[in-house]
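Student: Please work out how this folds:
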Amino acid sequence: MKLTSGFVLSLSLLSGGCFYGFSGGGLPPEVKTVAVLPFDNLTPDPSLTEEVNSAVRNALERRLGLRQAGENSADAIVRGTISRYEADVPVAVTATGGAQVDVARRLVQIIISIEIENTQTGTMLWQRQGLQLEGDYEGDREADGRRKALERLTTDIVDGAQSQW
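Tutor: Coordinates of the predicted model:
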């Protein structure tokens, strides 16, 4: 029986794909619950604490599948410090004539240190010191920039936790 080269190639691609997969990575399998402690806030903006904590909790629940638990019963604990918040960093300016300029785009910058500790082993699962998060915005829409910066935080946490090979 004669097989065409196209059929053989298709068959080998299909059968080869069946055995491929990832193993490892992510948080240890015993980590199923997490407690997110209130972040220390060294900035003059008190509302930032709740926004950061909420973003972190949502990332851990929705994107990593962890359930919330109390500090004494959680498999992992998240701690952090918000060390800087700058909401009005100009990034795009246009000259309007003379020595005057208009700021077209601004940037929110948040600097955070964060750690996720395995309470069962006492080891650090993931940590970052001085993590700089940025979000740009136009005009007086600072909330848009803050939202973008917090989205970057959740992405960094999820990517960092999943990259633990």
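Student: which one's the longest helix in this structure?
Tutor: Longest among the helix segments of the chain by residue count, using DSSP state H, is helix 142-162.
Student: Just the C-alpha atoms of it, please, in PDB.
Tutor: Output of helix 142-162 as PDB, limited to C-alpha atoms (Å, rounded to 0.1, in the frame of the first residue of the first chain):
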ATOM      1  CA  GLU A 142      -6.400  60.200  36.300                       C
ATOM      2  CA  ALA A 143      -8.700  57.300  37.200                       C
ATOM      3  CA  ASP A 144      -8.000  55.700  33.700                       C
ATOM      4  CA  GLY A 145      -4.300  55.900  34.400                       C
ATOM      5  CA  ARG A 146      -4.700  54.300  37.800                       C
ATOM      6  CA  ARG A 147      -6.900  51.500  36.400                       C
ATOM      7  CA  LYS A 148      -4.200  50.700  33.800                       C
ATOM      8  CA  ALA A 149      -1.500  50.700  36.400                       C
ATOM      9  CA  LEU A 150      -3.500  48.300  38.600                       C
ATOM     10  CA  GLU A 151      -4.200  46.100  35.600                       C
ATOM     11  CA  ARG A 152      -0.400  45.900  35.000                       C
ATOM     12  CA  LEU A 153       0.000  44.900  38.700                       C
ATOM     13  CA  THR A 154      -2.400  42.000  38.400                       C
ATOM     14  CA  THR A 155      -0.700  40.800  35.200                       C
ATOM     15  CA  ASP A 156       2.700  41.000  36.800                       C
ATOM     16  CA  ILE A 157       1.500  39.000  39.800                       C
ATOM     17  CA  VAL A 158      -0.200  36.300  37.700                       C
ATOM     18  CA  ASP A 159       2.800  36.100  35.300                       C
ATOM     19  CA  GLY A 160       5.300  36.000  38.200                       C
ATOM     20  CA  ALA A 161       3.400  33.300  40.100                       C
ATOM     21  CA  GLN A 162       2.900  31.200  37.000                       C
END
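Student: So for the closest residue to Phe39 other than its chain neighbours, what pLDDT did the model give?
Tutor: Excluding its sequence neighbours, the residue lying closest to Phe39 (CB to CB, 6 or more residues apart in numbering) is Gly80, at 4.3 Å. Using the backbone N, CA and C atoms, a C-beta is placed for each residue, glycine as well. As predicted, Gly80 sits at a pLDDT of 97.
Student: next one: Tyr20
Tutor: pLDDT, read off for Tyr20, is 36.
Student: before we move on, back to that, quick one: residues in contact with the longest helix of the chain.
Tutor: By CB atoms under 8 Å, 6 or more residues apart in numbering, the list of residues contacting helix 142-162 from outside reads 25-27, 51-52, 55-56, 58-60, 63-64, 87-88, 106-110, 112, 114, 116, 125-126, 128, 131, 133-138.
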